[in-house]
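In: I would like the atomic coordinates for the input below:
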Amino acid sequence: MPQPLQPHPAAPGIFTIHSVAAPASGPAASLVPRAVGNAPVITAIWMAGMPCYGGQAPQGITDVLTAQERGVIASDHARYGNALNDPERIVNIDPEQAKAHVSYRALCTQFQRPGSFCVRHAEGGDLILVHRSRSALSPAQLVRTPLQRSATGWQLQVADNASPAWSAVRGRHFQTLQALKAALPPGMREVQAMAVGDPDISHL
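Out: Predicted coordinates:
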């Protein structure tokens with residue numbers, strides 16, 4: 001029996017549905033997840049189109065994705081074409097595809113405001129701070145700034161040509177990442193949907 005659609009809280013248009021199928025039989029039956037009633041549970045992830053793929057992608061968004069995420073988005077766009085941009089169309093995706101689309105759609109929908117920021121993992125696993133520029137010289141540009149952790153705490157590797165508004169964090173070390181984020185220029189807003197787990201705990 002199909003259960004109600006469960007929308008993903010961070011990514012519009014991505015839904016999970018759990019169904020209880022008829023009881024399985026045979027040697028493979030023991031490998032199938034079971035629900036109450038001893039029937040296998042089938043999970044399907046459906047994604048409605050959203051106008052943010054291909055030529056409709058916001059400026060710089062794909063540069064913030066990991067190589068794996070970029071690969072999934074590019075592959076699915078090549079496979080489904082404009083169906084990915086059409087809210088009236090839905091496609092079935094697997095969990096690994098869903099992870100990439102969740103990140104991508106959260107960036108597309110919640111990263112448009114200048115001053116928006118999040119902390120993400122770079123290609124090598126290190127953390128970076130990504131923010132939407134508020135500078136008149138580079139309006140709306142997505143900026144990646146490396147984060148470094150040492151025995152003296154967290155440090156943001158602020159570029160030499162960055163705005164004076166970043167002086168409060170330039171060259172400073174912070175005991176926690178939360179303290180560093182609190183010292184960012186006024187008006188910066190964290191995109192919670194993209195936040196990594198607390199590295200002050202998980203990276204110990």
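In: ok, how many other residues are close to the closest residue to residue 49 other than its chain neighbours?
Out: Distance criterion Cβ to Cβ, 6 or more residues apart in numbering; nearest residue to residue 49, sequence neighbours excluded, is residue 86 at 3.9 Å. Just so you know, the C-beta spots here come from the backbone N, C-alpha and C atoms, and that holds for glycine as well. Neighbourhood size, residue 86 [other Cβ atoms under 10 Å]: 15.
In: likewise the one 10 residues further on?
Out: Here the neighbour count serves as a burial measure; for residue 96 (other Cβ under 10 Å) it reads 9.
In: where does it fall, secondary structure wise?
Out: helix 95-110 (DSSP states H and E).
In: output the contacting helices and strands for the following helix or strand past that helix.
Out: Counting by DSSP H and E, the next helix or strand C-terminal to helix 95-110 is strand 116-121. Judged by 3 or more Cβ pairs under 8 Å, 6 or more residues apart in numbering; DSSP states H and E, the packing partners of strand 116-121 are strand 127-132, strand 189-190.
In: hmm, try it at 6 Å
Out: Where contact means 3 or more Cβ pairs under 6 Å, 6 or more residues apart in numbering; DSSP states H and E, strand 116-121 is packed against strand 127-132.
In: quick one: list the elements packing against the strand it packs on.
Out: Strand 127-132 is packed against strand 116-121, strand 142-150, with contacts defined by 3+ Cβ pairs under 6 Å, 6+ apart.
In: now do the last one: which elements does it pack against?
Out: Using 3+ Cβ pairs under 6 Å, 6+ apart as the contact criterion, the elements in contact with strand 142-150 are strand 127-132, strand 153-156.
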